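>>> next input, structure requested:
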Amino acid sequence: MPTGVAKMKSRLWIFLYVLLLLLLFFSEFQKKEYPTQVSTLYEYDTQKNSLLDKLMEGYTQPLESSGVSNQAWGIFVKKVKKEVKVKELKTKKLIEVTLKDKTLCIEKACFRLLGIFSKNGYPYASFYNKESKEKVQVLMLGDRMRSSIKIKNIMKKKIVFSDVNSTREWSMQLFDVNSSKYKPKDFE
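Residues are numbered from 1 along each chain as shown. Coordinates of the predicted model:
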């Protein structure tokens with residue numbers, strides 16, 4: 001038979017064991033995430049129930065039409081006319097662009113192609129424009145020349161320009177030099 005001290009020790013160990021189990025239970029309870037939003041009784045997911053909606057539509061469709069049987073039962077369906085929103089199309093004034101040989105004229109400003117070169121793997125084109133402060137302009141792919149005209153593509157011997165507001169495109173060939181006929185002038 002255990003004595004009084006032995007009973008106390010066994011009860012103390014049982015108490016500590018139960019206390020440890022309670023602490024473990026509450027620590028796990030706090031780690032668990034519970035949903036913060038509670039769905040109401042009539043709330044349902046429309047994606048999951050789209051087939052059910054199609055099935056119910058077959059049963060409710062006869063009630064929603066103004067047929068003879070509905071009128072006999074006193075069911076009248078009022079059709080609501082949908083308001084049609086008319087968007088006003090903004091007509092953008094097309095810019096006058098002319099291409100003569102190696103010169104691209106955008107309205108009154110004319111750009112003459114001087115050359116095409118590549119720097120650090122990026123293609124550039126140089127143009128001469130006598131109206132601008134800097135007479136020679138160096139533009140790269142995607143740069144805009146004036147308002148809505150941009151450089152669409154720069155190839156080895158060809159440049160393609162496009163209008164941002166429309167589908168118009170212009171291409172300019174780099175001049176070819178016949179080396180047998182060309183004799184450079186002497187520099188003075």
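>>> all strands of this structure, in order?
With DSSP state E, the ranges of strands along the chain come out as 97-100, 103-106, 109-119, 122-128, 136-140, 144-146, 149-154, 158-163, 169-173.
>>> contacts for the first one?
The set of residues that contact strand 97-100 without belonging to it, under CB atoms under 8 Å, 6 or more residues apart in numbering, is Leu104, Cys105, Ile106, Glu107, Ile149, Phe161, Asp163, Arg168, Trp170, Met172. Using the backbone N, CA and C atoms, a C-beta is placed for each residue, glycine as well.
>>> give me the ChimeraX select line for those residues, limited to the buried ones.
In ChimeraX syntax, the buried subset of these is picked out as below (16 or more other CB atoms under 10 Å):
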select :104,106,149,161,163,172
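>>> closest to Phe26 out of the contacts of strand 97-100?
Nearest to Phe26 among the contacts of strand 97-100, counting by CB to CB, is Asp163 at 70.7 Å.
>>> can you name the two of the contacts of strand 97-100 that are farthest apart?
Farthest pair in the contacts of strand 97-100 (CB to CB) is Glu107 and Met172. Separation: 17.4 Å.
>>> list the buried residues in the helix ranked longest in the chain.
Across the chain, the longest stretch assigned as helix under DSSP state H is helix 4-31. By neighbour count with 16+ other CB under 10 Å, helix 4-31 contains no buried residues.
>>> ok, the nearest residue to Ser171 once chain neighbours are set aside to Glu28 distance?
Beyond its immediate neighbours in the sequence, the residue positioned closest to Ser171 (CB to CB, 6 or more residues apart in numbering) is Val160, lying 4.8 Å away. Per CB to CB, to the nearest Å, Val160 is found 67 Å from Glu28.
>>> out of the strands of the chain, flag the one nearest Asp53.
strand 158-163 (47.1 Å).
>>> now the longest helix of the chain: average pLDDT?
Taken as a whole, helix 4-31 has an average pLDDT of 88.
>>> before we move on, what about stretch 132-147?
84.
>>> end-to-end on it?
15 Å (CA to CA, to the nearest Å).
>>> mind listing what's buried along it?
Neighbour-count burial for stretch 132-147, with 16+ other CB under 10 Å as criterion, is recorded at Gln137, Leu139, Met145.
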